[in-house]
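Peer 1: my questions are about this predicted structure, shown below with the sequence.
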Amino acid sequence: MAVERSLLCPACSATQGRMLVELPSIPVLCNQLLPSRAEALRAPTGTMALAFCNGCGHVYNAAFDPALTVYSQAYENSLHFSPSFQRYAEELADRLIADYGLHGKDVIDLGCGKGDFLKLICARGGNRGTGFDPSYVPDPADNDPGSRVRFVREFYSERHTAYPVDLISCRHVLEHIPQPRTMVEGLRRSVGNRHTTAIYFEVPNVLYTLRDMGIWDLIYEHCAYFSAPSLTRLFTSAGFDVHAVAETFGGQYLGLEARPAAGDRGTSLAGGAEPADILPFAEQFAARYREKVAEWKQRVADLRRQGKQAVVWGGGSKGVTFLNTVNAGDQMEVMVDINPRKKGLFVPGTGQQIVGPDHLQTAPPDVIVVMNPLYREEIRTQALALGVKAEIVVA
C-alpha cells in the first residue's frame with residue numbers, strides 16, 4: 001500500500017518542503033520493547049519520509065501516520081539510570097532553579113513520564129510539582145502525603161488553568177507531536193495572562209542529525225525534528241517571547257526558554273542560525289546517510305568474517321535503530337542496557353534480548369558498539385569493572 005506524503009510543514013504551515021531521504025519498514029515504537037522474541041520480530045513498522053522546510057528549517061516525517069504510534073505504560077525511555085545523564089539532568093535542574101528563583105515554587109512538567117526530572121527539580125529546590133502524562137505509571141511512593149509531587153494522567157489543557165505555576169517544563173515530548181503548533185498554541189491559552197511564568201522546552205537538535213550524522217536518532221516516534229530557527233518561530237508565532245535557544249548535552253539537544261508575550265505574537269532575543277544556514281547540511285544528508293549505513297554494514301560483515309562477537313551497549317532508540325538499519329541480528333545476539341526495567345525484553349524488528357552488563361562476564365564480547373559518544377567513557381569504566389576488556393567503538 002502506498003504511503004501518502006505531505007509537504008505542508010507542521011511547524012509553520014509553509015509548503016516549501018523538499019524530500020531528504022526515505023527509510024522504509026522501521027519499527028514504529030523503538031522504546032516499547034516486547035516480552036518475547038517472536039513478538040519482537042512481528043513488531044509493526046512504518047515509513048519515514050524525511051522532509052526539510054525551506055521556510056523555517058524544520059525537519060519532519062512527511063509520511064507519518066499517528067495511528068501507528070499508540071503509547072502505553074510499556075513505553076520506556078528513561079535515561080536517568082546513566083550516571084552521565086543523571087549528572088546532566090541535575091545540572092539542568094540546578095540552573096533552572098538558580099535562573100528563575102525556583103525555591104518553594106510551583107512547577108508543572110508536561111509529558112513527565114515516570115516523573116524523574118520533576119522529582120529532581122522539586123527535591124533540589126524545595127518546590128511543589130505536578131506532572132501531566134496520560135501514560136504515567138502510578139508509583140506507591142508518589143501517593144505519600146508528604147511527597148512534593150503529584151501526577152495527573154491527562155494532557156495539560158485549558159481545563160487546568162487553575163493550577164498554580166511558576167515554571168512549565170517539557171522535555172523530549174514535542175518531537176512526538178504530529179501537530180506541534182496545536183500543542184504550543186494550546187499551552188499559550190492555558191497559561192493565560194500569567195506573564196511571569198517561565199517556559200523550558202527541550203527537544204533533539206536536528207543539526208546533530210544533519211551536521212554530525214547522528215543518524216541513529218531517526219526513529220518513527222519522532223515525527224518532528226527541530227532546528228533553532230524552527231523552534232523559535234514556532235513559539236513566537238504562538239505568543240511567547242523567546243529569550244534563549246541553546247544547544248545542550250553535547251549539541252544533541254536544544255533547550256528553549258521563554259515567557260508568555262503580552263500580545264498575540266512574541267519576539268525573539270535568541271538570535272542564532274537561520275534556515276538558510278541549515279540548508280547545506282540538508283542537501284548533503286541523503287548521500288552522507290547512505291555512506292554511513294554502508295560503512296557500518298561493512299564493519300558488521302568484517303566482524304562476521306573475522307569470527308568476532310559484538311554487542312550493542314545501549315537499549316534505547318539509537319541502539320534499536322542501529323540494529324534494524326544495519327541488519328546485525330546474527331552478529332550481535334544481545335543488547336546491553338543498565339536500565340533494569342528493560343532487562344529480559346526484546347528489541348522490536350531484530351529480536352535481540354536485553355541483558356544487564358553482568359551478562360558480559362559469562363559471555364565476553366570482542367567488540368562493544370556504543371551508540372552515543374557521551375556515554376563511551378562511562379561504559380568503558382563499567383565494562384572494565386566487570387573484567388570485560390572488549391574493544392569499544394562508537395557507531
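Peer 2: Perfect, I can see it now.

Peer 1: so residue 47 is in which element?
Peer 2: Here residue 47, judged by DSSP states H and E, is contained in strand 45-53.

Peer 1: so in that sheet, which strands flank that strand, and in what orientation?
Peer 2: Next to strand 45-53 in the sheet, as set by DSSP bridges, lie strand 17-27 (antiparallel), strand 59-61 (antiparallel).

Peer 1: quick one: average pLDDT of that strand?
Peer 2: Strand 45-53 carries an average pLDDT of 96.

Peer 1: how far off centre is it?
Peer 2: Remark: strand 45-53 is offset 16 Å from the chain centroid, using Cα atoms, centre = their mean, to the nearest Å.

Peer 1: next: stretch 99-107.
Peer 2: 25 Å.

Peer 1: so, low pLDDT: which residues of the stretch 1-150 of the chain?
Peer 2: Low-confidence segments of the stretch 1-150 of the chain, defined by pLDDT under 70: 1-4, 71-80, 140-146.

Peer 1: what segments of it are strands?
Peer 2: If you assign secondary structure with DSSP state E, counting those that start in this stretch, the strands in the stretch 1-150 of the chain sit at 17-27, 45-53, 59-61, 106-110, 128-132, 149-152.

Peer 1: tell me how the chain divides into domains.
Peer 2: Using automatic domain parsing, the domain parsing of the chain gives 17-66, 83-277, 307-394.

Peer 1: now tabulate the ones you listed in TSV and tack on mean neighbour count and distance to residue 298.
Peer 2: Backbone N, C-alpha and C define where each C-beta goes, glycine included. As requested, the domains of the chain are exported to TSV (neighbours: other Cβ atoms under 10 Å; distance: least, Cβ to Cβ, whole Å):
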stretch	mean neighbour count	distance to residue 298
domain 17-66	20	19
domain 83-277	19	16
domain 307-394	19	9
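
Peer 1: looking at those, which is closest to residue 284?
Peer 2: Residue 284 lies closest, by Cβ to Cβ, to one member of the domains of the chain: domain 83-277, at 8.2 Å.

Peer 1: would you mind measuring the gap between the ends of the closest one?
Peer 2: Taking Cα to Cα, to the nearest Å, domain 83-277 runs 35 Å from one end to the other.

Peer 1: that older thread, pull the residues that contact the strand holding residue 47.
Peer 2: Strand 45-53 is contacted from outside by 3, 5, 7, 9, 11-12, 14, 16-28, 58-65, 68, 218, 220, 225, 230, 275, 278-279, 282, 285, 349, using Cβ atoms under 8 Å, 6 or more residues apart in numbering.

Peer 1: let's see that with 7 Å instead.
Peer 2: Under the criterion Cβ atoms under 7 Å, 6 or more residues apart in numbering, residues 3, 5, 7, 9, 11-12, 14, 16-28, 59-63, 65, 68, 218, 220, 230, 282 lie in contact with strand 45-53.

Peer 1: convert the C-alpha atoms of it to PDB, please.
Peer 2: Output of strand 45-53 as PDB, limited to C-alpha atoms (Å, rounded to 0.1, in the frame of the first residue of the first chain):
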ATOM      1  CA  THR A  45       6.700  -0.900  11.100                       C
ATOM      2  CA  GLY A  46       6.200   2.300   9.200                       C
ATOM      3  CA  THR A  47       7.800   4.600   6.700                       C
ATOM      4  CA  MET A  48       9.900   7.700   7.400                       C
ATOM      5  CA  ALA A  49      10.000  10.100   4.500                       C
ATOM      6  CA  LEU A  50      12.200  12.800   5.900                       C
ATOM      7  CA  ALA A  51      11.500  16.300   4.600                       C
ATOM      8  CA  PHE A  52      13.100  19.700   5.100                       C
ATOM      9  CA  CYS A  53      11.100  23.000   5.300                       C
END
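
Peer 1: test my guess that residue 10 contacts residue 177.
Peer 2: No - if you go by Cβ atoms under 7 Å, residue 10 and residue 177 don't touch, sitting 8.5 Å apart.

Peer 1: tell me who's in contact with residue 96.
Peer 2: Taking Cβ under 7 Å, 6+ apart as the criterion, residue 96 is in contact with 102, 121, 167, 200.

Peer 1: center of the chain - which residue?
Peer 2: Geometric centre of the chain, nearest residue: residue 172, 4.9 Å, by Cα atoms, centre = their mean.

Peer 1: so the residue nearest to that residue when sequence neighbours are not counted bridges to which residues?
Peer 2: Leaving out its chain neighbours, the residue that sits closest to residue 172 by Cβ to Cβ, 6 or more residues apart in numbering is residue 202, at 6.2 Å. Under DSSP bridges, the beta-bridge partners of residue 202 are residue 171, residue 255.

Peer 1: ok, now residue 129?
Peer 2: If you apply DSSP bridges, the partners that residue 129 bridges to are residue 107, residue 149.

Peer 1: let me know whether it touches residue 122 as I believe.
Peer 2: Yes - Residue 129 lies in contact with residue 122 (Cβ under 7 Å); the separation is 4.2 Å.

Peer 1: intersection of neighbour lists for these two?
Peer 2: Between them, residue 129 and residue 122 share the contacting residues 107, 148, 149, judged by Cβ under 7 Å, 6+ apart.

Peer 1: specify the beta-bridge partners of residue 244.
Peer 2: Taking DSSP bridges as the rule, residue 244 bridges to residue 257.

Peer 1: I'd say it and residue 257 touch.
Peer 2: Yes - if you go by Cβ under 7 Å, residue 244 and residue 257 touch, sitting 4.5 Å apart.

Peer 1: angle of the helix ranked longest in the chain against strand 17-27?
Peer 2: Taking DSSP state H as the criterion, the chain has its longest helix at helix 275-306. Here the directions of helix 275-306 and strand 17-27 differ by 30 degrees (axes from the mean of the first three to the mean of the last three Cα atoms, to 10 degrees).

Peer 1: next helix or strand past helix 275-306?
Peer 2: Later in the chain than helix 275-306, the nearest helix or strand by DSSP H and E is strand 310-313.
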